[in-house]
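[1] Fold the following, please.
(2 chains)
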Amino acid sequence: MKKKLQEIYEKAIATLEGVEQTKDLDDVKVKYLGKKGELTNILKSMKDLSSDERPVIGQIANQVRSGIEQKIDEVKDKLAAAELNAILDKETLDVTMPGRACACGHRHPLDTVIDEISNIFIGMGYEIADGPEIEKDYYNFEALNIPANHPAKDEQDTFYINGDILLRTQTSPVQIRTMEKGKLPVRMICPGSVYRADEVDATHSPIFHQLEGLVVDKNITMGDLKGALATFAKELFGKDTKVRFRPHHFPFTEPSAEMDVTCFACGGKGCRVCKGEGYIEVLGCGMVHPNVLKRCGIDPEEYSGFAFGMGLERVAMQRYGITDLRLLYENDVKFLKQF
Amino acid sequence: MDISMTWLRDYVNVKANIKDFVEDITLSGSKVESYSIISGDIKKVVVGKVLSIEKHPNADKLVITKVDIGNGEPIQIVTGATNLYVGAIVPVALNGSTIANGVKIKKGKLRGEESNGMLCSIQELGFDRHDFPEAPENGIYIFKDTPELGTNVVDALDIYDEAVEFEITSNRPDCFSMLGLARETGATYRIPVKYPIVKVKEEIDEDINNMISVEIKNPNLCPRYVARVVKDVKIAPSPRWMRKRLRSVGIRPINNIVDITNFVMQEYGQPMHAFSIDTIADRKIIVRNAEEGEKFTTLDGIERTLSSSMLVISDPKKAVAIAGVMGGENSMITGDTDTVLFESANFDGPNTRITAKKLGLRTDASGKYEKGLDPNICDKAIDRAVQLVEMLGCGKVVRGRVDCYPNKVEPRKIPYNPKKINKLLGTDIPEEDMVRIFKLLEIGVDKKNRILTIPTFRPDLELNADLAEEVARIHGYDKIMPTLASGTPTVGKKTYEQQISDIVKNSMISTGLCEAMTYTFESPKVFDKLMIPSDSKLRDAIKISNPLGEDFSIMRTTTLNGMLTSISTNYNRRNDEAAIFEIGKVFMPKSLPLTELPDELKKLTICMYGDKYNFFYIKGICEHIFDVLGCSDEVDFSPKNDIPWMHPGRTASITLNGSEAGYVGELHPTVAENYSIDTRVYIAVIDMKLLNENACLVNSYRALPKYPSMTRDISMVIKKEIFVKDIEKVIRKNAGKLLESLVLFDVYQGAQIESDKKSVSYKLVFRAEDRTLVDDEVNKAMEKVIEALKDEFGAKLRK
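    Next up, the predicted model:
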């Protein structure tokens, strides 16, 4: 009987190893372990054994049963894994096919630049101000220390509505409007549209964008101006950017400067973007002129400040390699979708 | 302002090479725009001697020359020149050389004869007979002296120079002169400046006052007028050194007298004019305003009409020059002129600028005057001019000057305070250094009383801040340590309006729209294009008094034109679709003509065309904005059929809390056609101010449902013209508190439905917060809804 059990075991194992589909596994199970299965039949004849043999054979029979069950489970797992693999295999995609396009829009490159600059200055404690585009001569010129007949007035080719009202030629009038509110200290920037009578071409537009900045507090120095703008330049153009301040003249700042940054295309070696100079002019700046402070009711003996202004189109154009300014205002979606 | 390094070195001994000089002087405040090497094109052109000239066997007009270029190996060159002779010393462009304008010369065969280079005319070296009067009109340049053979012609002709172009700012008129820039150079390198030593012999011992008188009628426009007289004038070319200097700054040499006035104008920055004295009636100069409409013919032969704001130099009978702009044909110097009156005057800058602008006649002189010149250089400059007359032997100077200078400008005295200067700069510069810098800039220093005497050529120096700039720029802006402002801390942030604007932009972009930017001024023709009625307030636009043209002449009162123009661009460039938005301003005058600043109102404008877009698409985008801004419940869309540029049956007005906030719909096909768009265009315009006022950015949390919902569908046949908005109102009102949501899922017209009816289907979801609903409750609510729909609209339920 022992031998018989052994035979059943070996036969069952051999059969199981040959099973290829899960559904066949049940047949095997029934055949050996079912109510009328071979092992069951053997066990039924156990009652004929002597009481000495019975526990021995019983133990063997149990071992055979659990051995077969274990094998069934094993085969079952193996087959399930193989079948799943077959399914996965069948489901294989050409993953090099393009993804489904999501209908995502795009921010205007100029607005992206404005936003980026705004965020840098917000981080340094600046508010974002706003001001009218149709402006009084007083705010655009006179209060900024540009009296009637000043050459700067001619240079800027102003659009006038009438003798007193004009289209602002710069965002600087917002300096005056901010200081006039009388809330000190001031830390603000103001991006916005400005107007000058330039014919439209690849590098000129009668409407363009500037960003103005103003800080007024006690003990503000030219070192503070350099520190703030150098920090800004590193944030906007990259941490390796170096800045250079050149003396310049603006009627509403004194001392005045222009700030150059090392060319972001060549890092200062000189290339086509910077016309071989290694530096790119980025903004005008200076210490707020005492006359301007006075006119806004701020005592220049007690307070000082710095201001700066920059053209934004040029920053956007240089950053994205845009060679024609007109593209920014045409709004061709083939252009806009690139940003 | 153009200078040349050779000329500059006449006054200041600059040792730096051109590249360093350009950087150094820029960083001390005189910005260099560009620089170049004059004669930079001329390479491998040497001095040679013609050894032989033979006839060309195959060409009548060519000759074959052998030229000695100093290396013992004569070369053969074929030339067409006719002024050659054996022994002539000439410029020879060798094989591989370049001549003027970068033209390359290579050896080759001319009619079968080898030619190893080219003999050059003066023009081929980039000059003309104004520079080298001894050069033949046509033909090869022949050296008068005998430079060593093989010498580079750049050296032999002394044509090497470095030209530097400066961008001078308007506060520094003194730097529009060689001497001004020499002073800046001296300060930059802290080296002395050698000014010209001016001494006039005055060979003619007559009193100038007996020869000429000057009267200034308007001293505001002519603060000073200085005159000198030169007799026995001999017009001739000026010497090479002067011609070279003038050419190096881009001025063409003419003759000795003209060259002298130009030379002094460059050197001192003081324009000068020379009259033929015989043409001046009564020998009396009167500086007066022109008569309105006065006719005057300038040197260039053009008759000009003057206005009374313009200043003229005249004699008792006629004008002889437009002050500071250009002389007259009637008083110009000719070959026969014997006696010349030199004028060195000071004219008002702004007035000169306006005159030149009005006449469209901007000259070198007016360009100098308009910056505002120092009247105290008039006498120095005129003395320098007549000194040069004597030096060049082109005339004899009459004793004395006529100097009409009613209100002498005196140097200003201002205090300086080193502590305050350092405080503004954030530096620690010792007073000694500051004093040294002031002195380099020729500012007088009284150290004891800390008083500065500001020379009159520096009217820009008035305040502590001005002095701080002088100290800083010579000290070096780069030596100021960058610091971060301490002071009172401030919070950096965007305003509420800016935050709303950002949210709107982001939600627009998230729905697939591209941000656009358009011009805020446009043509008044857009009103017709947009079919805006003639009595509409939108036509009351602010006009620009000096526009670039009609197309840019009014400030927009609607954002549509810019957007439709952009849409048209996209459509006509065959882009399949375009969906763009802009937050931009319109300008609404409070009254016209403008007496106070107008309202500048921000509008969100959305515009799109393309297969996938339709009315409901763009409306969905609008709803999305209101949803994002938390004001969906305050929005109402109602049919609007009276916007002239919109499709009357496909436009809805948008109200927010009862206020008109904009509209959404399809563009009127006629307007689309006006913009050359042959497809349907969808537009929404929403007022940003109302969005700001109604936005609710912080919502309170609502508990998630704990109990299951029950759903009922309802389909009804109803009159076609009933708006679903009204149906929904009735459903909501009658379904009670248990109604959680209501979704329209089908609207149908067509077969099986009467032609004046439509079928409308909704899904209603009911839920209670505190229990599981039972059928009974929901059935009751549904019955009420159905009853109400029957009562209100005569709706018939579809099963």
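[2] Give me the below-cutoff pLDDT ranges for the stretch 501-650 of chain B.
    For the stretch 501-650 of chain B, no stretch has pLDDT under 70.
[3] Show me where it has its strands.
    Secondary structure of the stretch 501-650 of chain B by DSSP state E, counting those that start in this stretch: the strands cover B:514-515, B:521-522, B:554-555, B:578-588, B:599-609, B:635-639, B:646-656.
[4] quick one: contacts of the first one?
    Just to be clear, that refers to strand B:514-515. With contact meaning Cβ atoms under 8 Å, 6 or more residues apart in numbering or on different chains, strand B:514-515 is reached by A:105-108, A:111, A:331, A:333, A:336-337, B:505, B:508-509, B:578-582. Where C-beta positions appear, they are placed from N, C-alpha and C, glycine not excepted.
[5] can you do 7 Å?
    Residues from elsewhere that reach strand B:514-515 (Cβ atoms under 7 Å, 6 or more residues apart in numbering or on different chains): A:105-108, A:111, A:333, A:336-337, B:505, B:509, B:579-582.
[6] how does chain A divide into domains?
    Following automatic domain parsing, chain A resolves into domains at A:2-90, A:109-336.
[7] residues in contact with B:R539?
    By Cβ under 7 Å, 6+ apart, B:R539 lies in contact with B:F527, B:I532.
[8] same deal with B:I75?
    Shown in contact with B:I75 (Cβ under 7 Å, 6+ apart): B:V67, B:I69, B:N116, B:G117.
[9] Show the pLDDT at residue 212.
    By default, I'm working from chain A. Per-residue pLDDT puts A:E212 at 97.
[10] The chain in question should be chain B.
    For B:I212, the predicted pLDDT is 94.
[11] roughly how far is stretch B:703-721 from the heart of the chain?
    Computed by Cα atoms, centre = their mean, to the nearest Å, the chain-centroid distance of stretch B:703-721 equals 64 Å.
[12] circling back: now, which of the contacts of B:I75 sits nearest chain A?
    B:G117 (32.1 Å; Cβ to the nearest Cβ).
[13] Excluding chain neighbours, give the residue nearest to the closest one in space.
    In this structure, B:G117 finds its nearest non-sequential neighbour in B:L94, 4.7 Å apart by Cβ to Cβ, 6 or more residues apart in numbering or on different chains.
[14] From chain A, how far out is the one you found?
    Shown here: B:L94 relative to chain A, a distance of 29 Å by Cβ to the nearest Cβ, to the nearest Å.
[15] so how far is B:T298 from that residue?
    Distance, B:L94 to B:T298, using Cβ to Cβ, to the nearest Å: 48 Å.
[16] how many other residues sit next to residue 275?
    All of this refers to chain A. Number of residues near A:K275 (other Cβ atoms under 10 Å in any protein chain shown) recorded here: 12.
[17] think we crossed wires, I meant chain B
    B:F275: 27 surrounding residues under other Cβ under 10 Å.
[18] Tell me if I am right that it is in a helix.
    No. Looking at B:F275 with DSSP: H, G, I helix; E, B strand; the rest coil, it is strand, so not inside a helix.
[19] which residues touch it?
    Shown in contact with B:F275 (Cβ under 7 Å, 6+ apart): B:V320, B:G327, B:S331, B:V340, B:L341, B:E343.
[20] ok so, going back, and the domains of chain A, which one averages the lowest pLDDT?
    Looking at those, the bottom one is domain A:2-90 with a mean of 85.
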